[in-house]
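Undergrad: coords please:
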Amino acid sequence: MPKIVRFYEHGGPEVLKIEDVEVAPPGAGEVTLQVKALGLNRAESMFRSGQYVEGGEFPARLGYEAAGVVSALGSGVTEVAVGDAVSLIPPLSITRWGTYGEVATVPAALLVKHPASLGWTEAAAVWMQYVTAWGALIEIAKLGAGDTVIVTAASSSVGLAAIQIAKSVGATTIATTRSRAKQDALLAFGADHVIATDHEDLPARVHEITGGKGARVAFDPVVGPMLPKLAEALAPHGILFEYGALDLEATPFPLFPVLGKMLTVHGYQYKQIVADAGRLERAKRFILEGLASGVLKPVIDRTFTLDQIVDAHRYLESNQQFGKIVVTV
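TA: Residues are numbered from 1 along each chain as shown. The predicted structure is shown next:
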């Protein structure tokens, strides 16, 4: 029987168990995937600890992303064939599908035959970060040349993806990071400006960089006390995307900056793109073209093996990483 990661209660990384589990054959529209690598996401840590927007049923599986080889087809599947090398766009439900393990049952419609130039590790690190960033910045905000975007938690995989995507359309990027430790790495990566928020006044620096105009877009998974600062840093009619909750402190709502500058505060999930066939097709086209040209390239911080899944989650929660954490199988 294949080894599968499951957990029976909410808690820290130690609740994750590797078990021998009989996996049912794929249902209609599904395939069985022999997993070669899987990418870790902060959402999985939040789901495991019981702090996610979606609840689970125990024993629960985990995992949004994977790359591997199709080994069995459910009824009605025509998108892929047995033996295809594919990577998975994160499905709409983490409770129904999970990828942590040697085998995963996944929806065929969300599998992509990724460029052959990508190895398993890179292929497992593509879709969550690029679909999330593309949907907010390109599809909704229509980011382009002349725009300035603030990217918070910029050393995360989604933050780095946002920088790459924004640069690809000619926008100016202002990356934020708490300490100065990652400033040089972010500048070397391609961020136009980097603000260390523990040491610098975020709104003042943004207005200095933009000549007093403010940024048109902010892309933020942090919230907490960061939210009012971002609102102050935005230009009139700016848009602020909130796609996470990394800071568990109370989040004061910046009523007067929002009203005074007529800002849009947009609660955002990648699901807004995956649930819409037209949007998803546009995302896939943009991302595959960027991967093929080299404009988009996943940054892998560190890899772990499946039997190190607890250590991998501990490292994910340490916030030390610069880019994606990948587990090889």
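
Undergrad: give the contact list for the closest residue to residue 291 other than its chain neighbours.
TA: Nearest residue to residue 291 in three dimensions, chain neighbours excluded: residue 115, at 5.3 Å (Cβ to Cβ, 6 or more residues apart in numbering). Every residue, glycine included, has its C-beta placed from N, CA and C. Contacts for residue 115 (Cβ atoms under 8 Å, 6 or more residues apart in numbering) come out as 288, 291-292.

Undergrad: cool, and residue 113?
TA: Contacts for residue 113 (Cβ under 8 Å, 6+ apart) come out as 80, 84-86.

Undergrad: what score does it have for pLDDT?
TA: Looking at residue 113, its pLDDT stands at 94.

Undergrad: cool, residue 24 as well?
TA: pLDDT, residue 24: 93.

Undergrad: list the contacts of it.
TA: Contacts for residue 24 (Cβ under 8 Å, 6+ apart) come out as residue 105.

Undergrad: 4 is where my numbering starts, stick with that
TA: With the count now opening at 4, the last piece we talked about shows up as residue 27.

Undergrad: would you double-check that the residue nearest to residue 294 falls in a strand?
TA: No. Assigned with DSSP: H, G, I helix; E, B strand; the rest coil, residue 118 falls outside any strand and is coil.

Undergrad: distance of it relative to residue 286?
TA: Noted for residue 118: a distance of 16 Å to residue 286, by Cβ to Cβ, to the nearest Å.

Undergrad: residue 295 now?
TA: Residue 295 is 15 Å from residue 286, by Cβ to Cβ.

Undergrad: the more surrounded of these two?
TA: Each of residue 295 and residue 286 has its neighbours counted (other Cβ atoms under 10 Å); residue 286 has more, 24 against 12.

Undergrad: in the chain, what residue spans correspond to helices?
TA: Remark: helices assigned in the chain by DSSP state H are 45-52, 123-126, 130-137, 160-171, 186-192, 205-212, 229-236, 258-263, 274-277, 280-296, 312-321.

Undergrad: so for residue 96, which of these sits nearest?
TA: helix 274-277 (9.2 Å; Cβ to Cβ).

Undergrad: next one: that closest one to chain centre, how far?
TA: Remark: helix 274-277 is offset 12 Å from the chain centroid, using Cα atoms, centre = their mean, to the nearest Å.

Undergrad: list the residues that contact the residue minimising distance to the centre of the chain.
TA: Nearest to the geometric centre of the chain sits residue 132, at 3.5 Å (Cα atoms, centre = their mean). By Cβ under 8 Å, 6+ apart, the contact list for residue 132 reads 160-161, 163-164, 301, 327.

Undergrad: now the two most distant members of these.
TA: Most distant of the contacts of residue 132, by Cβ to Cβ, are 161 and 301, 11.2 Å apart.

Undergrad: for residue 16, which non-adjacent residue is closest in space?
TA: residue 316 (3.6 Å).

Undergrad: how far away is the one you found from residue 172?
TA: Distance from residue 316 to residue 172, by Cβ to Cβ: 34 Å.

Undergrad: looking at those two, which one has more neighbours?
TA: residue 316 (26 against 16).

Undergrad: just the contacts of residue 118 now: which is nearest residue 181?
TA: residue 294 (30.0 Å).
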